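# dropping a prediction and its sequence here:
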Amino acid sequence: MTPSHSPAGRRRSSTTHFLGRLLPPRSTLLLVLVSIIILTVFHIHQPSNLQTLRQRTPRSLQHAFSTSSSAAAAAEPSPWIPLQSVLDRIDADIASSAASYDSALYYRELGLKLGSTTTEEYIAELSETYNEFFSPASPKLLDDVLSRLSHLPRAQTVSLPKQIYTTDLRSPDQFPEQFKSWSEKNPDWETLFVEDEAIEGWVSETVGEDAGVLQELHALRAGRGVLRADLFSRYLVLLLNGGVYTDTDTACVRPLSQWAVSPDRPTTHPLAQSLPTLLELADESLSTQEDSPALIVALEADAPDLNTDWRGESFVRGIQVVQWTIQAKRAHPILLDVLGRGLREAKRVREAEERGEEDLEWTGPGAFTDAVMRYLLVHHGVHPGQLSGLRRPVRYGDIVIMPVHSFRADASEGDQGEDRVVWHGFFGRWKN
(Lines give C-alpha, C1' and ligand atoms only; values in the text may rest on other atoms or scores of the structure.)
Protein backbone atom coordinates (compact mmCIF):
# COMPACT_ATOMS: atom_id res chain seq x y z
CA MET A 1 0.00 0.00 0.00
CA THR A 2 1.33 3.40 -0.94
CA PRO A 3 2.14 5.53 2.11
CA SER A 4 0.11 8.73 2.10
CA HIS A 5 1.39 12.17 2.93
CA SER A 6 -1.23 14.76 3.80
CA PRO A 7 0.17 18.25 4.28
CA ALA A 8 -3.16 19.50 5.61
CA GLY A 9 -2.76 22.62 7.64
CA ARG A 10 1.02 22.18 7.72
CA ARG A 11 0.93 22.49 11.50
CA ARG A 12 4.22 22.00 13.22
CA SER A 13 4.16 18.86 15.35
CA SER A 14 6.55 17.97 18.17
CA THR A 15 8.76 16.39 15.50
CA THR A 16 8.96 19.75 13.79
CA HIS A 17 9.72 21.59 17.01
CA PHE A 18 12.57 19.32 17.94
CA LEU A 19 14.34 20.18 14.69
CA GLY A 20 14.58 23.77 15.78
CA ARG A 21 16.63 22.63 18.76
CA LEU A 22 18.88 20.38 16.72
CA LEU A 23 19.83 22.38 13.67
CA PRO A 24 23.41 23.63 14.06
CA PRO A 25 23.62 27.27 15.19
CA ARG A 26 24.73 29.96 12.79
CA SER A 27 28.49 29.98 12.93
CA THR A 28 30.06 32.73 14.94
CA LEU A 29 33.21 32.21 12.91
CA LEU A 30 31.73 33.54 9.68
CA LEU A 31 33.76 36.75 9.72
CA VAL A 32 36.88 34.78 10.55
CA LEU A 33 36.20 32.40 7.68
CA VAL A 34 35.67 35.25 5.24
CA SER A 35 38.96 36.75 6.39
CA ILE A 36 40.71 33.43 5.89
CA ILE A 37 39.24 33.13 2.40
CA ILE A 38 40.49 36.59 1.45
CA LEU A 39 43.93 35.92 2.89
CA THR A 40 44.13 32.50 1.31
CA VAL A 41 43.44 33.89 -2.16
CA PHE A 42 46.61 35.96 -1.86
CA HIS A 43 48.79 33.65 0.18
CA ILE A 44 48.42 29.99 -0.85
CA HIS A 45 51.60 29.65 -2.88
CA GLN A 46 52.99 26.15 -2.95
CA PRO A 47 52.09 24.80 -6.42
CA SER A 48 54.55 21.90 -6.27
CA ASN A 49 53.03 20.76 -3.01
CA LEU A 50 49.50 21.24 -4.34
CA GLN A 51 50.13 18.61 -7.01
CA THR A 52 51.35 16.22 -4.33
CA LEU A 53 48.29 16.93 -2.22
CA ARG A 54 45.98 16.16 -5.10
CA GLN A 55 47.58 12.76 -5.60
CA ARG A 56 47.63 11.63 -1.97
CA THR A 57 45.02 9.26 -0.60
CA PRO A 58 43.05 11.60 1.65
CA ARG A 59 43.01 11.35 5.29
CA SER A 60 44.64 8.22 5.43
CA LEU A 61 43.92 11.53 6.38
CA GLN A 62 46.38 11.59 9.20
CA HIS A 63 47.36 15.13 8.15
CA ALA A 64 50.50 13.84 6.46
CA PHE A 65 50.71 16.86 4.19
CA SER A 66 53.26 19.62 4.59
CA THR A 67 53.89 22.83 2.71
CA SER A 68 57.22 23.58 4.37
CA SER A 69 60.16 22.88 2.11
CA SER A 70 63.13 23.62 4.33
CA ALA A 71 64.26 24.18 7.91
CA ALA A 72 65.07 27.77 7.01
CA ALA A 73 61.51 28.36 5.93
CA ALA A 74 60.30 26.97 9.23
CA ALA A 75 62.60 29.27 11.18
CA GLU A 76 61.35 32.47 9.56
CA PRO A 77 57.84 33.89 9.65
CA SER A 78 56.14 32.90 6.41
CA PRO A 79 53.94 35.27 4.40
CA TRP A 80 52.00 32.24 3.15
CA ILE A 81 49.09 30.42 4.73
CA PRO A 82 49.92 26.70 4.55
CA LEU A 83 47.32 24.73 2.65
CA GLN A 84 47.26 22.15 5.42
CA SER A 85 46.23 24.85 7.89
CA VAL A 86 43.25 25.63 5.69
CA LEU A 87 42.30 21.93 5.53
CA ASP A 88 42.71 21.60 9.29
CA ARG A 89 40.41 24.59 9.83
CA ILE A 90 37.75 23.00 7.61
CA ASP A 91 38.08 19.66 9.40
CA ALA A 92 37.82 21.29 12.82
CA ASP A 93 34.67 23.25 11.94
CA ILE A 94 32.94 20.22 10.44
CA ALA A 95 33.94 18.09 13.43
CA SER A 96 32.47 20.72 15.73
CA SER A 97 29.17 20.61 13.87
CA ALA A 98 29.12 16.80 13.98
CA ALA A 99 29.88 16.85 17.71
CA SER A 100 26.73 18.90 18.33
CA TYR A 101 24.55 16.15 16.82
CA ASP A 102 22.12 14.84 19.44
CA SER A 103 21.91 11.14 18.57
CA ALA A 104 19.42 10.29 21.35
CA LEU A 105 16.96 12.97 20.31
CA TYR A 106 17.22 12.20 16.58
CA TYR A 107 16.65 8.53 17.34
CA ARG A 108 13.62 9.25 19.48
CA GLU A 109 12.01 11.67 17.04
CA LEU A 110 13.10 10.33 13.64
CA GLY A 111 14.40 6.82 14.32
CA LEU A 112 17.87 7.63 12.98
CA LYS A 113 20.76 5.36 14.00
CA LEU A 114 23.85 6.88 12.41
CA GLY A 115 26.49 5.24 14.56
CA SER A 116 29.78 7.00 15.28
CA THR A 117 30.04 10.50 13.83
CA THR A 118 33.72 11.42 13.98
CA THR A 119 35.84 11.26 10.84
CA GLU A 120 38.35 8.95 12.50
CA GLU A 121 35.70 6.45 13.61
CA TYR A 122 33.94 6.65 10.25
CA ILE A 123 37.14 5.81 8.40
CA ALA A 124 37.91 3.02 10.86
CA GLU A 125 34.49 1.43 10.27
CA LEU A 126 34.79 1.69 6.49
CA SER A 127 38.24 0.11 6.70
CA GLU A 128 36.91 -2.65 8.95
CA THR A 129 34.15 -3.47 6.47
CA TYR A 130 36.67 -3.58 3.63
CA ASN A 131 39.11 -5.77 5.57
CA GLU A 132 36.43 -8.21 6.70
CA PHE A 133 34.45 -8.59 3.49
CA PHE A 134 36.58 -7.47 0.52
CA SER A 135 40.35 -7.63 1.04
CA PRO A 136 42.80 -8.70 -0.24
CA ALA A 137 41.35 -9.25 -3.70
CA SER A 138 40.42 -5.61 -4.34
CA PRO A 139 43.16 -3.48 -2.74
CA LYS A 140 42.29 -0.33 -4.70
CA LEU A 141 38.69 -0.28 -3.49
CA LEU A 142 39.40 1.18 -0.05
CA ASP A 143 41.70 3.85 -1.48
CA ASP A 144 39.00 4.91 -3.93
CA VAL A 145 36.36 5.00 -1.20
CA LEU A 146 38.49 7.10 1.16
CA SER A 147 39.42 9.49 -1.64
CA ARG A 148 35.81 10.69 -1.48
CA LEU A 149 36.49 12.06 2.01
CA SER A 150 38.99 14.65 0.83
CA HIS A 151 37.99 18.31 0.70
CA LEU A 152 40.42 18.84 -2.16
CA PRO A 153 39.09 18.79 -5.73
CA ARG A 154 39.55 15.47 -7.49
CA ALA A 155 42.50 15.29 -9.85
CA GLN A 156 40.38 13.51 -12.46
CA THR A 157 36.68 13.30 -13.06
CA VAL A 158 34.99 9.93 -12.64
CA SER A 159 32.46 8.90 -15.25
CA LEU A 160 29.13 7.26 -14.49
CA PRO A 161 28.70 3.94 -16.34
CA LYS A 162 25.59 4.05 -18.50
CA GLN A 163 24.14 0.90 -17.02
CA ILE A 164 20.75 0.41 -15.33
CA TYR A 165 20.51 -2.60 -13.02
CA THR A 166 17.42 -4.34 -11.71
CA THR A 167 16.55 -7.63 -10.08
CA ASP A 168 13.34 -9.50 -9.34
CA LEU A 169 12.03 -12.92 -8.41
CA ARG A 170 10.19 -12.88 -11.75
CA SER A 171 11.65 -13.18 -15.24
CA PRO A 172 11.94 -10.01 -17.40
CA ASP A 173 8.93 -10.98 -19.53
CA GLN A 174 6.78 -10.67 -16.40
CA PHE A 175 7.94 -7.16 -15.46
CA PRO A 176 5.34 -4.37 -15.35
CA GLU A 177 4.86 -2.62 -18.67
CA GLN A 178 6.06 0.69 -17.20
CA PHE A 179 9.57 -0.66 -16.67
CA LYS A 180 10.23 -0.42 -20.43
CA SER A 181 10.34 3.36 -20.00
CA TRP A 182 13.89 3.10 -18.66
CA SER A 183 15.14 1.89 -22.04
CA GLU A 184 12.81 4.14 -24.01
CA LYS A 185 13.78 7.32 -22.15
CA ASN A 186 17.50 6.42 -22.07
CA PRO A 187 18.34 4.70 -25.38
CA ASP A 188 22.09 5.14 -24.89
CA TRP A 189 21.99 3.25 -21.56
CA GLU A 190 22.18 -0.52 -21.14
CA THR A 191 19.51 -2.16 -18.96
CA LEU A 192 20.75 -5.26 -17.13
CA PHE A 193 18.64 -7.85 -15.31
CA VAL A 194 20.65 -9.49 -12.53
CA GLU A 195 19.67 -13.14 -12.18
CA ASP A 196 20.00 -14.64 -8.73
CA GLU A 197 22.01 -17.61 -9.98
CA ALA A 198 24.64 -15.30 -11.45
CA ILE A 199 25.20 -13.15 -8.36
CA GLU A 200 27.86 -15.22 -6.61
CA GLY A 201 29.77 -15.94 -9.82
CA TRP A 202 29.97 -12.26 -10.68
CA VAL A 203 31.02 -11.27 -7.16
CA SER A 204 33.67 -14.02 -7.06
CA GLU A 205 35.06 -12.85 -10.38
CA THR A 206 35.06 -9.21 -9.27
CA VAL A 207 36.39 -9.33 -5.69
CA GLY A 208 37.91 -12.82 -5.49
CA GLU A 209 36.56 -16.15 -4.32
CA ASP A 210 37.97 -15.71 -0.79
CA ALA A 211 36.14 -12.43 -0.07
CA GLY A 212 33.97 -12.59 3.05
CA VAL A 213 31.04 -11.01 1.21
CA LEU A 214 30.63 -14.26 -0.74
CA GLN A 215 30.06 -16.29 2.40
CA GLU A 216 27.27 -13.97 3.52
CA LEU A 217 25.62 -13.89 0.08
CA HIS A 218 25.67 -17.69 -0.01
CA ALA A 219 24.15 -17.91 3.48
CA LEU A 220 21.31 -15.61 2.41
CA ARG A 221 20.20 -18.03 -0.32
CA ALA A 222 17.84 -19.89 2.01
CA GLY A 223 14.74 -17.87 2.85
CA ARG A 224 16.29 -14.42 2.52
CA GLY A 225 16.28 -13.82 -1.21
CA VAL A 226 15.14 -10.20 -0.91
CA LEU A 227 17.96 -9.39 1.51
CA ARG A 228 20.45 -11.08 -0.80
CA ALA A 229 19.15 -9.14 -3.79
CA ASP A 230 19.26 -5.88 -1.81
CA LEU A 231 22.86 -6.36 -0.72
CA PHE A 232 23.94 -7.23 -4.24
CA SER A 233 21.85 -5.27 -6.70
CA ARG A 234 21.21 -2.08 -4.77
CA TYR A 235 24.54 -1.64 -3.06
CA LEU A 236 27.29 -4.06 -4.05
CA VAL A 237 26.99 -3.69 -7.81
CA LEU A 238 26.90 0.11 -7.45
CA LEU A 239 29.89 0.09 -5.07
CA LEU A 240 31.99 -2.00 -7.46
CA ASN A 241 30.71 -0.76 -10.84
CA GLY A 242 28.54 2.32 -10.47
CA GLY A 243 25.45 3.12 -12.53
CA VAL A 244 21.74 3.21 -11.69
CA TYR A 245 19.75 0.67 -9.71
CA THR A 246 15.96 0.71 -9.89
CA ASP A 247 13.18 -1.70 -8.89
CA THR A 248 11.08 -3.35 -11.58
CA ASP A 249 7.92 -1.56 -10.40
CA THR A 250 9.27 1.86 -11.38
CA ALA A 251 9.11 4.00 -14.50
CA CYS A 252 11.51 6.63 -15.78
CA VAL A 253 9.49 9.84 -16.18
CA ARG A 254 12.39 12.07 -17.28
CA PRO A 255 15.65 10.95 -18.97
CA LEU A 256 18.57 10.41 -16.61
CA SER A 257 20.45 13.24 -18.32
CA GLN A 258 17.81 15.67 -17.01
CA TRP A 259 18.00 14.71 -13.35
CA ALA A 260 19.04 17.48 -10.94
CA VAL A 261 20.65 19.58 -13.65
CA SER A 262 20.90 22.76 -11.54
CA PRO A 263 20.54 21.88 -7.85
CA ASP A 264 20.59 24.48 -5.10
CA ARG A 265 23.84 24.70 -3.14
CA PRO A 266 23.23 25.59 0.50
CA THR A 267 26.13 27.27 2.25
CA THR A 268 27.57 24.81 4.75
CA HIS A 269 31.20 25.89 5.07
CA PRO A 270 32.29 28.96 3.05
CA LEU A 271 35.97 28.05 3.15
CA ALA A 272 35.44 24.46 2.01
CA GLN A 273 33.14 25.56 -0.79
CA SER A 274 35.63 28.21 -1.92
CA LEU A 275 38.63 25.87 -1.85
CA PRO A 276 38.57 24.87 -5.57
CA THR A 277 38.56 28.53 -6.61
CA LEU A 278 41.35 29.36 -4.18
CA LEU A 279 43.53 26.54 -5.48
CA GLU A 280 43.00 27.64 -9.07
CA LEU A 281 43.94 31.21 -8.17
CA ALA A 282 47.08 29.93 -6.46
CA ASP A 283 48.13 27.85 -9.44
CA GLU A 284 46.52 28.47 -12.83
CA SER A 285 47.81 25.13 -14.12
CA LEU A 286 45.43 23.27 -11.82
CA SER A 287 42.09 22.18 -13.19
CA THR A 288 39.36 22.43 -10.57
CA GLN A 289 36.35 21.81 -12.77
CA GLU A 290 33.60 20.30 -10.63
CA ASP A 291 32.79 16.66 -11.22
CA SER A 292 29.22 15.52 -11.79
CA PRO A 293 27.42 14.18 -8.69
CA ALA A 294 28.70 10.87 -7.37
CA LEU A 295 25.34 10.02 -5.81
CA ILE A 296 21.77 11.11 -6.53
CA VAL A 297 19.04 10.09 -4.10
CA ALA A 298 15.61 11.39 -3.14
CA LEU A 299 13.62 11.70 0.06
CA GLU A 300 10.72 9.30 0.55
CA ALA A 301 9.38 10.70 3.82
CA ASP A 302 9.67 14.09 5.51
CA ALA A 303 7.51 13.93 8.63
CA PRO A 304 8.66 17.26 10.14
CA ASP A 305 7.71 19.18 7.00
CA LEU A 306 4.49 17.32 6.19
CA ASN A 307 3.42 16.96 9.84
CA THR A 308 2.76 13.23 9.48
CA ASP A 309 2.98 10.21 11.77
CA TRP A 310 5.84 8.38 10.08
CA ARG A 311 5.62 5.35 12.36
CA GLY A 312 1.88 5.05 11.77
CA GLU A 313 2.51 5.12 8.02
CA SER A 314 4.99 2.22 8.31
CA PHE A 315 8.11 4.22 7.55
CA VAL A 316 11.26 3.28 9.43
CA ARG A 317 12.69 6.82 9.57
CA GLY A 318 10.98 10.19 9.99
CA ILE A 319 13.17 11.65 7.26
CA GLN A 320 13.70 8.67 4.96
CA VAL A 321 15.71 8.23 1.78
CA VAL A 322 14.36 6.29 -1.21
CA GLN A 323 16.17 3.06 -2.00
CA TRP A 324 14.06 1.77 -4.89
CA THR A 325 16.08 3.99 -7.25
CA ILE A 326 19.71 5.02 -6.69
CA GLN A 327 22.24 6.63 -9.04
CA ALA A 328 25.86 6.28 -7.93
CA LYS A 329 29.43 6.28 -9.13
CA ARG A 330 31.58 3.40 -7.95
CA ALA A 331 33.38 3.38 -4.58
CA HIS A 332 31.19 5.83 -2.69
CA PRO A 333 31.57 5.73 1.14
CA ILE A 334 27.79 5.61 1.62
CA LEU A 335 27.59 2.33 -0.31
CA LEU A 336 30.42 0.70 1.66
CA ASP A 337 28.83 1.96 4.89
CA VAL A 338 25.37 0.51 4.17
CA LEU A 339 26.92 -2.76 2.97
CA GLY A 340 28.92 -3.00 6.18
CA ARG A 341 25.77 -2.51 8.24
CA GLY A 342 23.89 -5.20 6.33
CA LEU A 343 26.72 -7.72 6.06
CA ARG A 344 27.63 -7.53 9.73
CA GLU A 345 24.00 -7.97 10.73
CA ALA A 346 23.57 -10.84 8.27
CA LYS A 347 26.55 -12.51 9.83
CA ARG A 348 25.22 -11.96 13.34
CA VAL A 349 21.74 -13.32 12.68
CA ARG A 350 22.65 -15.88 10.06
CA GLU A 351 20.75 -18.68 11.80
CA ALA A 352 17.93 -16.60 13.29
CA GLU A 353 14.41 -16.16 12.00
CA GLU A 354 13.88 -12.67 10.57
CA ARG A 355 10.62 -10.76 10.27
CA GLY A 356 9.79 -8.36 7.43
CA GLU A 357 10.30 -5.20 9.45
CA GLU A 358 13.69 -6.43 10.61
CA ASP A 359 14.65 -7.05 7.01
CA LEU A 360 13.74 -3.46 6.20
CA GLU A 361 15.76 -2.30 9.18
CA TRP A 362 19.12 -3.82 8.32
CA THR A 363 19.30 -3.78 4.53
CA GLY A 364 16.39 -1.57 3.53
CA PRO A 365 15.66 2.16 3.56
CA GLY A 366 16.44 2.51 7.27
CA ALA A 367 20.05 1.40 6.91
CA PHE A 368 20.46 3.32 3.65
CA THR A 369 19.02 6.50 5.20
CA ASP A 370 21.39 6.19 8.16
CA ALA A 371 24.37 5.78 5.82
CA VAL A 372 23.39 8.84 3.75
CA MET A 373 22.80 10.99 6.84
CA ARG A 374 26.06 9.92 8.48
CA TYR A 375 28.10 10.82 5.38
CA LEU A 376 26.51 14.27 5.21
CA LEU A 377 27.15 14.87 8.91
CA VAL A 378 30.71 13.52 9.08
CA HIS A 379 31.99 14.94 5.79
CA HIS A 380 29.98 18.16 5.47
CA GLY A 381 28.68 18.94 8.96
CA VAL A 382 25.12 18.80 7.62
CA HIS A 383 22.53 17.67 10.18
CA PRO A 384 19.58 15.48 9.10
CA GLY A 385 17.10 18.22 10.02
CA GLN A 386 18.59 20.45 7.34
CA LEU A 387 17.10 18.15 4.69
CA SER A 388 13.55 18.72 5.91
CA GLY A 389 11.37 20.96 3.77
CA LEU A 390 13.32 20.64 0.52
CA ARG A 391 11.49 22.13 -2.45
CA ARG A 392 14.28 21.69 -4.98
CA PRO A 393 17.27 19.35 -5.34
CA VAL A 394 20.25 20.36 -3.21
CA ARG A 395 23.89 19.46 -3.66
CA TYR A 396 26.36 18.97 -0.81
CA GLY A 397 29.78 18.19 -2.23
CA ASP A 398 29.43 15.09 -4.40
CA ILE A 399 25.88 14.13 -3.38
CA VAL A 400 22.53 15.46 -4.60
CA ILE A 401 19.38 15.01 -2.52
CA MET A 402 16.08 15.48 -4.34
CA PRO A 403 12.87 16.45 -2.50
CA VAL A 404 9.96 14.21 -1.52
CA HIS A 405 7.99 13.06 -4.60
CA SER A 406 11.00 13.34 -6.96
CA PHE A 407 11.12 9.54 -7.15
CA ARG A 408 7.35 9.27 -6.55
CA ALA A 409 5.86 11.06 -9.54
CA ASP A 410 2.07 11.08 -9.85
CA ALA A 411 2.04 9.11 -13.11
CA SER A 412 4.34 6.80 -15.03
CA GLU A 413 4.47 9.14 -18.03
CA GLY A 414 4.02 12.75 -18.96
CA ASP A 415 5.81 15.91 -17.85
CA GLN A 416 5.06 16.57 -14.16
CA GLY A 417 7.79 19.13 -13.51
CA GLU A 418 11.53 18.95 -13.80
CA ASP A 419 12.06 17.38 -10.36
CA ARG A 420 9.54 14.50 -10.66
CA VAL A 421 11.73 12.03 -12.48
CA VAL A 422 10.72 8.51 -11.30
CA TRP A 423 7.34 6.83 -10.81
CA HIS A 424 7.03 4.00 -8.28
CA GLY A 425 4.20 1.48 -8.42
CA PHE A 426 4.48 0.10 -4.87
CA PHE A 427 3.64 -3.38 -6.14
CA GLY A 428 4.74 -5.01 -2.89
CA ARG A 429 8.11 -6.50 -3.79
CA TRP A 430 8.89 -6.91 -0.08
CA LYS A 431 5.86 -9.14 0.32
CA ASN A 432 6.92 -11.56 -2.43
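Okay, I see it.
# now do the strands in the protein.
For the chain, applying DSSP state E gives strands covering 163-166, 190-193, 243-246, 250-252, 295-302, 319-321, 325-328, 394-396, 399-402, 422-424.
# and of those strands, who's closest to Leu114?
Of all those, strand 319-321 sits nearest to Leu114, with 12.0 Å by C-beta to C-beta. To be clear about C-beta, it is placed using only N, CA and C from the backbone, and glycine gets the same treatment.
# my guess is Arg170 contacts Ala229, does it?
No: assessed by C-beta atoms under 8 Å, Arg170 is found out of contact with Ala229, at 12.0 Å.
# and these two? which has more neighbours close in?
Ala229 (21 against 13; other C-beta atoms under 10 Å).
# rewinding a little: in a markdown table, list the strands of the chain along with mean pLDDT and distance to Asp144.
Compiled in a markdown table, these are given as follows (pLDDT from 0 to 100; distance: least, C-beta to C-beta, whole Å):
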| stretch | mean pLDDT | distance to Asp144 |
| --- | --- | --- |
| strand 163-166 | 95 | 18 |
| strand 190-193 | 94 | 22 |
| strand 243-246 | 96 | 16 |
| strand 250-252 | 96 | 28 |
| strand 295-302 | 97 | 14 |
| strand 319-321 | 97 | 23 |
| strand 325-328 | 97 | 13 |
| strand 394-396 | 97 | 20 |
| strand 399-402 | 97 | 16 |
| strand 422-424 | 93 | 27 |
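# can you lay out these as a markdown table showing mean neighbour count and distance to Leu87?
Output for the strands of the chain, formatted as a markdown table (neighbours: other C-beta atoms under 10 Å; distance: least, C-beta to C-beta, whole Å):
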| stretch | mean neighbour count | distance to Leu87 |
| --- | --- | --- |
| strand 163-166 | 20 | 35 |
| strand 190-193 | 15 | 39 |
| strand 243-246 | 22 | 32 |
| strand 250-252 | 25 | 40 |
| strand 295-302 | 24 | 23 |
| strand 319-321 | 26 | 29 |
| strand 325-328 | 24 | 26 |
| strand 394-396 | 19 | 18 |
| strand 399-402 | 23 | 20 |
| strand 422-424 | 23 | 37 |
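# format those as a markdown table; extra columns: distance to Ile90.
Output for the strands of the chain, formatted as a markdown table (distance: least, C-beta to C-beta, whole Å):
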| stretch | distance to Ile90 |
| --- | --- |
| strand 163-166 | 35 |
| strand 190-193 | 39 |
| strand 243-246 | 31 |
| strand 250-252 | 38 |
| strand 295-302 | 21 |
| strand 319-321 | 26 |
| strand 325-328 | 25 |
| strand 394-396 | 14 |
| strand 399-402 | 17 |
| strand 422-424 | 34 |
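# closest one to Val203 among the ones you listed?
Of all those, it is strand 163-166 that lies closest to Val203, at 13.6 Å by C-beta to C-beta.
# packing partners of that closest one?
Packing partners of strand 163-166 (3 or more C-beta pairs under 8 Å, 6 or more residues apart in numbering; DSSP states H and E): strand 190-193, strand 243-246.
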